[in-house]
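S.K.: Give me a 3D structure for the following:
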Amino acid sequence: MLARTLRVTDTAVCTSGDYERRSPGPSAASHILDARTGRPTTDLASVTVVAPTAMAADGLSTAAMVLGRERGLAFLEDQGVGGLLMSPDGTYATTAHGLGEDA
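M.R.: Model prediction:
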């Protein structure tokens with residue numbers, strides 16, 4: 001599912017998601033684990049972050065994925081970066097900082 005396309009300059013875009021690397025079998029758990037519980041993340045399919053560097057965007061997208069939709073969105077807002085948090089049902093939320101210019 002294509003949620004957005006972006007045109008960016010002098011910035012980085014990274015996505016963390018569970019749709020490519022899920023454990024096999026009927027339980028099909030995410031490969032992204034919450035270090036606090038040791039359990040897979042559950043309420044997001046992906047998080048895309050626009051940040052000044054790829055290292056920041058990558059780390060922030062994974063952290064927001066672990067935190068979940070509500071806390072992850074608040075976390076990205078606090079960091080002052082653009083973010084899109086996608087739920088498995090295709091609904092999504094974006095930060096007030098935006099994701100940059102639509103392509």
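S.K.: Every contact and neighbour count from this point should use C-alpha atoms.
M.R.: Fine.
S.K.: pLDDT value on residue 99, please?
M.R.: Looking at residue 99, its pLDDT stands at 72.
S.K.: That one contacts residue 51, doesn't it?
M.R.: No: taking Cα atoms under 8 Å as the definition, residue 99 is not a contact partner of residue 51, at 9.1 Å.
S.K.: For these two, list the residues in contact with both.
M.R.: Shared contacts of residue 99 and residue 51 (Cα atoms under 8 Å, 6 or more residues apart in numbering): residue 82.
S.K.: Can you name the residues that contact the residue nearest the centre of the chain?
M.R.: With distances taken as Cα atoms, centre = their mean, residue 47 lies nearest the centre of the chain, 1.2 Å away. Counting by Cα under 8 Å, 6+ apart, residue 47 touches 15, 16, 17, 61, 62, 64, 65, 83, 84, 85, 86.
S.K.: Swap in 10 Å and give it another go.
M.R.: 14-18, 58, 60-66, 68-69, 72-73, 83-87, 92-94 (Cα atoms under 10 Å, 6 or more residues apart in numbering).
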